[in-house]
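[1] structure for this input, please:
(chains A and B)
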2 protein chains.
Amino acid sequence: MTKPFPNTPAFAGYNGPSRVEADIYDLVVEGELPPGLNGAWYRMTPDPQFPPRLGDDVFISGDGMISMFRFEDGHVDYKSRYVRTERFLAERKARRALFGAYRNRFTDDASVQGLDRTVANTSPIWHAGRLLASKEDSLPYEIDPETLETRGRYDWDGRLKTCTVSAHPKVDPVTGELLFYGYEASGDASRDMSFCVADAQGRLVSEAWFEAPYPGMVHDFAITEDFVVFPIFPTITDLERMKAGGPHWMSDISQDAWIGVIPRKTGVAGLRWFKRPGGQFFHVINAFNEGERITLDLCVSEMNSFPFIPDVSGAPYDPAKASAFPSRWTLDLARNDERIDERLVSRVPGDVPRVDDRRIGRPYRQAWMGMVDPARAMRMSGPVGGGFNLVGRVDMATGEVDAWYGADDDAFQEPQFAPEGPGELDGYVLSVIERHARNLSDVGVFRAGRMADGPIALIQLPLRLRGAVHGCWVPA
Amino acid sequence: MTKPFPNTPAFAGYNGPSRVEADIYDLVVEGELPPGLNGAWYRMTPDPQFPPRLGDDVFISGDGMISMFRFEDGHVDYKSRYVRTERFLAERKARRALFGAYRNRFTDDASVQGLDRTVANTSPIWHAGRLLASKEDSLPYEIDPETLETRGRYDWDGRLKTCTVSAHPKVDPVTGELLFYGYEASGDASRDMSFCVADAQGRLVSEAWFEAPYPGMVHDFAITEDFVVFPIFPTITDLERMKAGGPHWMSDISQDAWIGVIPRKTGVAGLRWFKRPGGQFFHVINAFNEGERITLDLCVSEMNSFPFIPDVSGAPYDPAKASAFPSRWTLDLARNDERIDERLVSRVPGDVPRVDDRRIGRPYRQAWMGMVDPARAMRMSGPVGGGFNLVGRVDMATGEVDAWYGADDDAFQEPQFAPEGPGELDGYVLSVIERHARNLSDVGVFRAGRMADGPIALIQLPLRLRGAVHGCWVPA
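    All right, here's what the predicted structure looks like:
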């Protein structure tokens, strides 16, 4: 018998576990779905199968639920399925949680020692006709893109050596290659990092390793036409701390952050480091290079934005310092120093940024993201999952924001750009709108260039969609 | 693209279509599930696949969704699936409603003439290892009891002649036979009725026809050890009215109601009619006979309790007259008249009555049902699906009521008795509690004899369960 989940922020209210594997055919749509919007939108949500073994847990530790909105000729169907990880299957059999704290295997039940403990809950990855469900602490799982059934752990035909693959690989839109990496690549708290490339057919063509300055979190990375960029910020793990039952991560913003740059031509042999003081930057917006000058856009905050990742200094969680802002950094390889030129692009806090996938690693201008109006947030009646009370677009050239507020008590999940035409604004943006007041969700369909106009269509769900982490769009 | 459903009572608020085919493993339970509660609880809910063809429709016209709560060693899993009727499949292919008004084939799209138009949304029937999904206007559909997949229309190996099988067959708990019937048995508005028996192995052993006094609604019937009883009330159909696009049913309480009694030994040859003035009685509670004296318990109202079934007199819908009350009627075959002795058992309005299935047709004392406290109903904030703001037990010998109110804005669906021990109060009662304020549902598990104590366990659903019609309990 599954006992109630704890009444804590990760499990209560709109963030309460859903656990529903659902099929809904031909969702109800208010407004008009663009007839040219054809494809599948995959999303991944942490959704804990069982109450936590240790009394409480963090939101991002929930079992991976993959969902699909399939758009076809003006219709849209919905499907969701749990990813059958080794962990999921072991716990389902036991009918209770066997794995302990977030990314700390030393807190697990003895019966599951040695099992893969990933929950595969972070990003769906589409490459070479394959759908992968990933989290950065292990290998991804392959998913049937039609049925969402789990095919098993995916290791590129057994050829991959890294223990981990991050949840933010990048597909080069020109070459079709998948560029990806792992950190803690040889095991918990190791400084080893892997950098891997699969060709357009999905075959692993290279895997090279290098060392990070410390075993820090490397949640996302960037690619450009000629370089790959690893932003490493001082949220750091420690094996002894884990063995003592402590948290995987602690932040230490007194330490420098390091940005590793690897030329795609030479590989890790050409690795060069830049640095800047502390901070946190979970998500890259995009990057591109003009010769040896790299423009790296990312969402940057002063301290870690997860309250469950404390700072070693004992500094209390400060929402203002934890807010991420879209920022533009310039790294000049022609200069013989470690300096980064930084510029704030927008003063509106924003994260979970997405761009037109066809412009990844190439010059671009538009980004869509969840944003926060802090004044409005203070007026709202309860905690809002994900914390975004705006969804909008940032013109990265001018910093201009084009965003939409929903109703009071609405919140937004990561937006998804779906192109219709060659231009960067030719297309639509999808975002789940959490209707906190009604315990339900809609998907808003926006014109990509006119976010402030509000959705042109609302796809109505008869149930609550718990906060997803990331998604991807696969054109039909 | 499915357009929004109309904002009418059958489709708005808590009664909004759900349309979710769901699997939820090991539901969260507050309190303690009785470890001896092992079995499957099947329920059927109208849940329209598409907005109505004619702008609005009645609640009970929605496509049949069958759901299963599987109780096993203190755990409970949930599954729901649409019944794939001919109608469902045709409309799914067209992605819109093709069938028109409730039980009026003359309002259908030309493309579906001749197709089975039942929605199979009323009762799950369990007999001889088979699960059937039924509605009284056609044959039932066979359902896989594990996967809830539809196996197809069920006609007892092609041997059944009646066009219709009602949604209230009865299993004789002593012989294991299934006793069932159809009305409008030879087609729309016919007075023909069928009375059928399948043996304990599910083989059809008899089918005999007789004529009703008028083509009235015969939603339920009763069995006793020696008799079957057909309560026919003057909610009457008319072919010409249907052809003109009018409603299948109109009530005419100026006409008499007729109660047909057939001895099980002689069959329809021994048919005898009793009568009483007008009224409506959808649901039989139970019946038994002592020699030639039949006790028939049922829920009786003065006028039809569906507002969409108007009275031919033009009398406006009157909630007081439409409220059903548990009543005890006595029919004495030893007397040579048509008289029925009637007694009100309880002054608390109640319907969707259920008893210990092991006492169907035999002397018994306890009934569980949804009830209404009209004063409380007036205080509630919105329309309550099903209208029951109490769930409880009526001692049919004393009229004593043992019932539970939930929170404000809670409503209850049909209770289900699940035995644990030989006695009539040895067991549990399950009822879906609609949490209107939160757009969610729980299942309350009550001690059968102590309803007023409230549930000993609450099975929490992460979604809203639209009002079900009927259910059945299949012990493990």
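[2] these two touch, right, A:Arg328 and A:Glu342?
    Yes: between A:Arg328 and A:Glu342 there is a contact at 7.5 Å, judged by C-beta atoms under 8 Å. Bear in mind the C-beta positions are built from the backbone N, C-alpha and C, glycine included.
[3] neighbour count for those two, which is higher?
    A:Arg328 (20 against 13; other C-beta atoms under 10 Å in any protein chain shown).
[4] so what's the more buried one bridging to?
    In this entry, A:Arg328 is beta-bridged to A:Asp297, A:Arg343, by DSSP bridges.
[5] in contact with it, which residues?
    A:Arg328 sits next to A:Thr295, A:Leu296, A:Asp297, A:Glu342, A:Arg343, A:Val345, A:Met396 when contact means C-beta atoms under 8 Å, 6 or more residues apart in numbering or on different chains.
[6] and these, which is closest to A:Pro231?
    Of all the contacts of A:Arg328, A:Leu296 has the smallest distance to A:Pro231: 7.3 Å, by C-beta to C-beta.
[7] ok, that closest one - how many residues close by?
    A:Leu296 - counted by other C-beta under 10 Å - has 27 other residues nearby.
[8] ok, which stretches of chain A are helices?
    Ranges of helices in chain A, per DSSP state H, are A:86-94, A:239-243, A:319-322, A:374-379.
[9] so which of those helices is the most surrounded?
    Across these, the average number of neighbours (mean count of other C-beta atoms under 10 Å in any protein chain shown) peaks for helix A:86-94, which reaches a mean of 17.
[10] one step back: tell me which of the helices of chain A sits nearest to B:Ser134.
    Judged by C-beta to C-beta, the one of these that comes nearest to B:Ser134 is helix A:86-94, at 33.9 Å.
[11] most surrounded residue in the contacts of A:Arg328?
    Within these, most neighbours by other C-beta under 10 Å means A:Leu296, with 27 neighbours.
[12] doesn't A:Leu331 make contact with that one?
    Yes: counting by C-beta under 8 Å, A:Leu296 touches A:Leu331, with 6.3 Å between them.
[13] overlap in contacts, the two.
    Going by C-beta under 8 Å, 6+ apart, residues that sit against A:Leu296 and also against A:Leu331 are A:Val229, A:Ile259.
[14] near chain B, which residues of the stretch 51-200 of chain A are found?
    Within the stretch 51-200 of chain A, the positions lying close to chain B (C-beta under 8 Å from any C-beta of the partner chain) are A:Gly74, A:His75, A:Val76, A:Arg92, A:Arg95.
[15] and if we set it to 10 Å?
    Within reach of chain B by C-beta under 10 Å from any C-beta of the partner chain, the stretch 51-200 of chain A has these residues: A:51, A:73-76, A:78-82, A:92, A:95-96.
[16] pull out the buried members of those.
    Buried residues within these, counting neighbours by 16 or more other C-beta atoms under 10 Å in any protein chain shown: A:Pro51, A:Gly74, A:His75, A:Val76, A:Tyr78, A:Lys79, A:Ser80, A:Arg81, A:Tyr82, A:Arg92, A:Arg96.
[17] so which of those residues belong to strands?
    Those of those mapping onto strands are A:His75, A:Val76, A:Tyr78, A:Lys79, A:Ser80, A:Arg81, A:Tyr82, per DSSP state E.
[18] farthest-separated two in those residues?
    A:His75 and A:Tyr82 (25.2 Å).
[19] any idea how far A:Tyr154 lies from chain B?
    Distance of A:Tyr154 to chain B, given as C-beta to the nearest C-beta, to the nearest Å: 24 Å.
[20] residue contacts, that residue?
    Shown in contact with A:Tyr154 (C-beta atoms under 10 Å, 6 or more residues apart in numbering or on different chains): A:125, A:130-134, A:139-143, A:160, A:165.
[21] do you know the pLDDT at it?
    Listed pLDDT for A:Tyr154 reads 98.
[22] identify the residue nearest it in space, chain neighbours excluded?
    A:Glu142 (4.2 Å; C-beta to C-beta, 6 or more residues apart in numbering or on different chains).
[23] verify the stated contact: that neighbour with A:Leu148.
    No: here A:Glu142 does not reach A:Leu148: they are 11.3 Å apart, not a contact under C-beta atoms under 10 Å.
[24] on that earlier part again, need the max-distance pair from the contacts of A:Arg328.
    Across these, the longest distance by C-beta to C-beta is 14.1 Å; it joins A:Glu342 and A:Met396.
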